[in-house]
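Undergrad: Predicted model, plus sequence, below.
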Amino acid sequence: MPQIPKFTLPFLLTEKWDAANALPHIPAATPILFLSGTRDELVPPAQMKALRQLRTEGKARWREFEGAHNDTFLVKGYWNEVALWMKDEVLA
């Protein structure tokens, strides 16, 4: 899988989302799926766990997969988990 060289990323990433401040403002009725790669080098598991802990009200599902930032979606079970969450929380 081709990857973008790291030196070009600052030019491409112009928007920042302050997840820690935004997450508490998401309505409790909105289900959230947290997917974390255990070897994620851009969004470390500890940071994802901290975000998960900010979701104190409402539905939230947490799943970890053995993967890095750019390949977690290739790990067996990842897309099954997304489909299950959509079935349980979005389509229900």
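TA: Ah, there it is.

Undergrad: From now on I want contacts and neighbour counts done on CA atoms only, so please keep to that.
TA: OK.

Undergrad: just checking, next helix/strand downstream of the helix-or-strand element of the chain with minimal mean pLDDT?
TA: The helix or strand of the chain with the poorest confidence is helix 9-12; it has a mean of 59 (mean pLDDT, DSSP states H and E). Counting by DSSP states H and E, the next helix or strand C-terminal to helix 9-12 is helix 19-22.

Undergrad: Packing partners of that next one?
TA: helix 45-54 (3 or more CA pairs under 8 Å, 6 or more residues apart in numbering; DSSP states H and E).

Undergrad: Tell me the first helix or strand C-terminal of the helix it packs on.
TA: Following helix 45-54 in sequence order, the next helix or strand is strand 60-65 (DSSP H and E).

Undergrad: Now do that next one against helix 45-54: the angle between them, please.
TA: Between strand 60-65 and helix 45-54, the angle comes out at 170 degrees (axes from the mean of the first three to the mean of the last three CA atoms, to 10 degrees).

Undergrad: Provide the strand pairings for strand 60-65, with the direction of each partner.
TA: Sheet pairing of strand 60-65 (DSSP bridges) gives strand 32-37 (parallel).

Undergrad: hmm, who's touching the strand it pairs with?
TA: Residues outside strand 32-37 that contact it (CA atoms under 8 Å, 6 or more residues apart in numbering): 44-45, 48, 52, 59-69, 72, 82, 85.

Undergrad: Keeping just the C-alphas, turn it into CSV.
TA: Extracted in CSV, the C-alpha atoms of strand 32-37 (Å, rounded to 0.1, in the frame of the first residue of the first chain):
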residue,chain,number,x,y,z
ILE,A,32,-19.7,6.6,19.2
LEU,A,33,-17.4,3.8,18.1
PHE,A,34,-13.8,4.1,19.3
LEU,A,35,-11.4,1.9,17.3
SER,A,36,-7.8,1.9,18.5
GLY,A,37,-4.7,0.4,17.0
